[in-house]
Structures are given as C-alpha cells and as structure tokens.
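A.B. asks: Requesting a structural model of the entry that follows:
(chains A and B)
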Amino acid sequence: MGFYFDILIMFEIYILLTLGLDLIVGFTGMLSIGHAAFYAVGAYAAALLSLHFGFSFFPATLVAMAAAGLLGAMTALPASRIRGDFLIIVTLGLGEIAKAVLKNWTGVTGGVMGLRNIPVMQIGSNALISDVSFFCVETVMVLLAFFMMWRIKRSAFGEALKGIRDDELSMKILGYNTSGFKIAAFFIGSALAGLAGSLFSFYRGYISPDSFGLETSVLVFCMCVIGGMGSVWGSIVGAVIFWSFPELMRLTGNASFDAGAWRQLILGIILVLVMVFRPRGILGERTVND
Amino acid sequence: MFVEFITNGLIAGGIYALAALGYTLIYGVLRFVNFAHGDVMMVGAFITYLGLSVLQIPLPAALLLSFVVSGILGIVIERCAYRPLYRISRLAPVISSLGVALVLRSGSQLIFGADEKALRNVDVIPATVHFFGSDIPAYRIWILVTAFLLMLVLHQWISRSRMGRAISSVAQSPDLAQSVGINMFATIAGVFFVASGIGGICGSLVAFDRNMDVNMGLMLGFKGFTASIIGGIGNIKGAFLGGLILGLCENLFAGYISTIYRDALTFAFLFIFLLIMPYGLFGKAVREA
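C.D. replies: Residues are numbered from 1 along each chain as shown, chains lettered A, B, ... in the order given. Below is the predicted model:
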C-alpha cells in the first residue's frame, strides 16, 4: 500500500506545480521553463524554517509560498518587457542559476548533500507519520488550490489574463495594466509551486538540488501544455499522464532500462504531436485565433 | 597571458558565432527561436564522432558528413515539427521545438549513452605553435581557422548567391518575396539545411576542443543564442560580431576576474541586452508577425 500512496502524494505535488504553471503559461501565455526554481525556493524555505527556527507545517508553508511568490514576481518584472519566446531562455537561466546557488551555497543549503532530518508534519499535537494521513492533508490543499484556480478562470482577473495571452496590445489599448497582471499571475503561480515545495520537504524529510533541475521544469511544462493550456482539468490530465508513466514502467520491473531517457523521448514526441494536432492541448479551450 | 586570453577568446568567439548564426538565420526568416538548435549541434558532434570512430574516415570527410547529416536533420525537423504550425500561433512552433530538443537529447542518450566522449586524437595534443611568446596547441589554431573560414564562406554565400539573396528577401518581407516568385518553403528548407549543417560543424569543433556528451547542446545553444541577441537576432553580421564579443569578454573575464562565474557573465549579458537593448547592437526593431 505504501508504494501506491507514495505515487499519489508525488502525483498531487505535481498537480500543484502544474496548476501554478498553468496560470503563467496557459492563462497568460508567458512561456516559462524555470518552474523548478520556485518549487526549490518553497522546499528550501520550509525546510530551513522548520530545521533552524522550529516552525511547524502551516507557518513554514505560508512563508515558503510568500518567498516563492516574491521570486516569481521579481521574474515577472523583466518578463513583462521581454517577448514571449525570449522569456523561455530567461526562465531557463533562472532555473540554472537557482540550481547553481543550491549546489554552491553550502553553509545554508547543504550543497549537493542537501538538507536532512526535516521534522514530520505536525497539526496541533498530532504528528502525521503515516503516508495516508499526509495524503489526506495534501488532498485538502490540492482541492483548495483547484477551487482557487477554478474561481480565477471564471473571474474578471482570469479573463484579463487570457486577453493578455491572446492579444496584449489590445488589452493595453483597453486600459489594462498588463505588466501588473503578468506580475500577479507569476506571483500566484509561483506561490503554488512554493506550496508544492513545502509539502515535498515535509513529506520526504530530506531535499537535495537533484529534485529541482531542468528535468523537473521541463516535465511540469510538458504536463501543462499537453494537458491543455488554460484548462484547469487539463493540468490534472497532464499530471496523470506523466506522473503515472515512469511509475508504470517501474511496476513492470525491468531494471536495466533507462526510464528517464525513455520518458523524455516519449514526452518530446507527444509534445510535438500535440502541437501539430491539438495546439491548445488535450483539454485546452479554443480561442479566437484558432 | 593576454595573448593567450585573446586567442582563447577568438576560438570561443568563432564557435559562438557559428552557433549564433543558426539562431539568427532561422529567426530571420521565421521569427521564431528554434530551441532544438543546441541539440542539433550536439547530434552533429556525434555524427563526426561516428565518422571518425566507426567509419574511420579522415577528419575533413567526417566534418562534411556531419554537415550533410545535420543539415538533412534540420530539414526533416522543419518539415515534420514546425511547418504545420506556422499558421496556428506564434508560440506553437516554439513549444514544438522544445519537444524536438527533448527527443534529440534523450534519443542520443539512448543510442550513445550518457558518458563523456573524446573526439580529439590524443597524439595531436603535443604539437604547439609559438605565437607572440605563448604556446598554443596546433589543433586550436585549426579550430580557429575553420570557424573563420566558414564565417567568410557563409557571408559570401548569403550576399552573393541566389539562395542567399532569397533568404535575405524572405527575412525582410515574406509577402513581397513571395509575390516576386521566391519559393517560400524551399527557402525555409534551405535555411534549415545551412543553419543545421553549420551547427553540426560547430558542435564538432566544440567537441574537438573539449570533450562531448549528450547534454553539451544546452550550454552551447545558450551561448549561441546569447551571441545572436548581442548582435541583434535576425542580423547575420550581428551574429558574427556578437559571437566574437561574447567569446572575448568571457575569456578576458575568466582570465582576469573569475573562472567560476564565467557562465554567469553570459546570463548577465543576456538579461542586460534583452531588457535594455532587445534588438542588440546591430539589429533594428523587427516586425512582430
């Protein structure tokens, strides 16, 4: 049973990451492949707060979300001036810098060894030792995030973001402060990544830079685009497809097999095929441009 | 020391200029950043490796093979992954190129393995050339000469040949170019062949200078892209100068200030140029299509 809950917990963390990125990529049309940087900031902030200052789960998570959100807002400052396809390179650079800092700032981040012995999640006086109870708490968080995204999608704010994605110039002419909306989208999206990072820290009990590399960013990006840009359900479909894939491979028990490379190969092929046949993703909505 | 830094800078600069050329040529005609280009260069290096180790052909023939195979790879990529998307949205081909990059990298890893490989024959290393009081290995001079010769040939080709002029006119105005009878898709295919072929040779030169592995495309692509931004993306002369500027600055910085933060300097260049001069030193504002 433990094995299945491990899959489910990691799967929900990826849903959170994908939901957050969907606000940035899917709603607002800012292509970002540096999402792992915000995930890392959330994870390290939560881990450091609980290790050194004795913060419990909720306060640590709030600070982690704020820290990741602020970094996201800072990324959005140049992002609002940079053209869409160039932004990919900037966010790629951000992700690489974040990983370099995690590896080299040994005094704080523990370098390549990472941080160990992060205390288990506590709610009140109950320590959530079992995976099942952790999963329940996590599910509540995911449902909250899901509800928030669903509300955003239906709000004037969400419509404005989609307007910026489809035609930024017109939105400017209509008097929208497009930079402000982009910064807000980046803030919320990366705060969700911060939440995912905090959950990851408390669940695993140790973190190292390996979990926050380019592969993670690319994986989340693919889940978001393939599942459907601007579609909340699409994010979940994407997360299901890509998180279950390597686990299913593992269940077949073929150890000699380079699962990482195979996954990337299949991801790449699916990404191209989805772009050619369904450019808005499997569950993506149609837009005026289609 | 100074001469050594300058030589290293010129070698790196020549390589970056060739890498930048791929981004600039493709951006020039299609207005999109081909993120698979870094990995096409990596595949090119592996083709040269195969030519030298499996087919046992001489180096010039291996480089030619790499040029042709990478060029054909470029045409195939454009035909399958980008051409159906030009009319859909501006970002669709960009996302598709990320997918192609993933396929090339993981495919190469499955075929060649993830370990580092050396392209250079060991007994070439001892030969050195005396140059203003520094000893420079002969193979590095060859890299330098090859890079500059290629740049010269390309520049002539673009400005003199029929195909080169077609490329320039499509870059300036696709509609006008089509209305005077230039075959748009043939021109695009030609651009992809040349850009990817040069990329293949560029990757081989890098592999010859250092070692190579399947992840080399990431950094090489990043440097090439930055060089093209410095020179003004879409501008061919700008790509040459941008590559040289980046290579020289990077090596002088590494020589006199810090080697650890050499790559960080590239990032800094990129951020500054994108924010303050998004059209680079020599580019002019391009129309957003």
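A.B. asks: what are the phi and psi values for the nearest residue to A:Leu92 once chain neighbours are set aside?
C.D. replies: Spatial nearest neighbour of A:Leu92, excluding adjacent residues (CB to CB, 6 or more residues apart in numbering or on different chains): A:Ile33 at 5.4 Å. Quick note: C-beta positions are derived from backbone N, CA and C, even for glycine. Main-chain dihedrals, A:Ile33, degrees, to the nearest 10: phi -120, psi 40.
A.B. asks: Burial check on A:Ile33, number of neighbours?
C.D. replies: Per other CB atoms under 10 Å in any protein chain shown, the neighbour tally for A:Ile33 reads 26.
A.B. asks: Provide a list of residues in contact with it.
C.D. replies: Counting by CB atoms under 8 Å, 6 or more residues apart in numbering or on different chains, A:Ile33 makes contact with A:88, A:91-92, A:95, A:214, A:217-218, A:221, B:98.
A.B. asks: Quick check: the farthest pair among the residues you listed?
C.D. replies: A:Gly95 and B:Leu98 (13.5 Å; CB to CB).
A.B. asks: Secondary structure element holding the nearest residue to A:Gly69 once chain neighbours are set aside?
C.D. replies: Leaving aside its chain neighbours, A:Gly69 sits nearest to A:Ala191 (3.6 Å; criterion: CB to CB, 6+ apart). According to DSSP states H and E, A:Ala191 maps onto helix A:178-204.
A.B. asks: ok, the nearest residue to B:Glu4 once chain neighbours are set aside - how many residues close by?
C.D. replies: Among residues not flanking B:Glu4 along the chain, B:Ser134 sits closest, at 4.7 Å (CB to CB, 6+ apart). When neighbours are defined as other CB under 10 Å, B:Ser134 has 15 of them.
A.B. asks: how close does B:Asp281 sit to A:Lys153?
C.D. replies: One thing to correct before we go on: residue B:281 is Leu, not Asp. With the distance defined as CB to CB, to the nearest Å, B:Leu281 ends up 43 Å from A:Lys153.
A.B. asks: With B:Tyr86 instead?
C.D. replies: Distance from B:Tyr86 to A:Lys153, by CB to CB: 29 Å.
A.B. asks: can you give me the helices for the stretch 51-200 of chain B?
C.D. replies: In the stretch 51-200 of chain B, the helices defined using DSSP state H, counting those that start in this stretch lie at B:59-77, B:92-112, B:138-160, B:162-172, B:174-179, B:184-209.
A.B. asks: Other residues contacting stretch A:104-120?
C.D. replies: A:44, A:46-48, A:50-51, A:101-103, A:127-129, A:201-202, A:204-210.
A.B. asks: scratch that, stretch B:81-94
C.D. replies: Contact partners of stretch B:81-94, identified using CB under 8 Å, 6+ apart, comprise A:29, A:31, A:84-85, A:88, A:272, A:275-276, A:279, A:289-290, B:30-36, B:96-97, B:99-100, B:185, B:188, B:288-289.
A.B. asks: In strands, which of these fall?
C.D. replies: Among the contacts of stretch B:81-94, no member falls in strands (DSSP state E).
A.B. asks: Please list only the buried members of the residues you listed.
C.D. replies: For the contacts of stretch B:81-94, a burial check counting by 16 or more other CB atoms under 10 Å in any protein chain shown picks out A:29, A:31, A:84-85, A:88, A:272, A:275-276, A:279, B:30-36, B:96-97, B:99-100, B:188.
A.B. asks: And the lowest-mean-pLDDT helix or strand in chain B, what does it pack against?
C.D. replies: When each helix and strand of chain B is scored by mean pLDDT, DSSP states H and E, strand B:128-131 comes last, with a mean of 69. Applying 3 or more CB pairs under 8 Å, 6 or more residues apart in numbering or on different chains; DSSP states H and E, we find strand B:128-131 packed against strand B:134-137, helix B:138-160.
A.B. asks: Could you say which one of the ones you listed comes nearest to B:Leu265?
C.D. replies: Per CB to CB, nearest to B:Leu265 of those: helix B:138-160, 21.0 Å.
A.B. asks: Excluding chain neighbours, what is closest to residue 141?
C.D. replies: Let's take chain A. Excluding the flanking residues, the one nearest A:Met141 by CB to CB, 6+ apart is A:Leu195, at 6.5 Å.
A.B. asks: not quite, I wanted chain B
C.D. replies: B:Val129 (5.5 Å).
A.B. asks: Contact residues of the stretch 101-250 of chain B facing chain A?
C.D. replies: B:101-107, B:109-110, B:114, B:218, B:222, B:225, B:229 (CB under 8 Å from any CB of the partner chain).
A.B. asks: what about B:Asn215, how many neighbours?
C.D. replies: By the measure other CB under 10 Å, the count of residues near B:Asn215 is 17.
A.B. asks: wait, it sits on B:Arg105?
C.D. replies: Yes. B:Asn215 is within contact range of B:Arg105, at 7.0 Å (criterion: CB atoms under 8 Å).
A.B. asks: which residues are in contact with both of these two?
C.D. replies: Joint contacts of B:Asn215 and B:Arg105 (CB under 8 Å, 6+ apart) are B:Met42.
A.B. asks: I'd say A:Leu71 and A:Gly189 touch.
C.D. replies: No. Taking contacts as CB under 8 Å, A:Leu71 lies outside contact range of A:Gly189: 11.3 Å.
A.B. asks: got the contact list for the residue nearest to A:Met141?
C.D. replies: Here A:Leu195 is in contact with A:16, A:42, A:61, A:64-65, A:141, A:145 (CB under 8 Å, 6+ apart).
A.B. asks: what does A:Ala76 give?
C.D. replies: Contacts of A:Ala76 (CB under 8 Å, 6+ apart): A:30, A:179, A:182-183, A:185-187.
A.B. asks: how about low-confidence regions in chain B?
C.D. replies: B:120-127, B:131-133, B:260-261, B:283-289 (pLDDT under 70).
A.B. asks: Counting by contacts, list what the helix of greatest length in it packs against.
C.D. replies: If you go by DSSP state H, chain B has its longest helix at helix B:2-30. If contacts are counted by 3+ CB pairs under 8 Å, 6+ apart, helix B:2-30 sits against helix B:37-50, strand B:134-137, helix B:138-160, helix B:162-172, helix B:184-209, helix B:216-231, helix B:236-256.
A.B. asks: so what's the nearest residue to A:Phe27 once chain neighbours are set aside up against?
C.D. replies: In space, and not counting its chain neighbours, A:Phe27 is closest to A:Leu161: 4.2 Å by CB to CB, 6+ apart. By CB under 8 Å, 6+ apart, A:Leu161 lies in contact with A:23, A:27-28, A:152, A:181, A:185.
A.B. asks: Please apply the same query to A:Val220.
C.D. replies: By CB under 8 Å, 6+ apart, the contact set of A:Val220 is A:14, A:17-18, A:21, A:35-36.
A.B. asks: Check for me that it belongs to a strand.
C.D. replies: No. A:Val220 sits outside any strand when classified using DSSP: H, G, I helix; E, B strand; the rest coil, being helix.
A.B. asks: any idea how far it is from A:Trp105?
C.D. replies: 24 Å.
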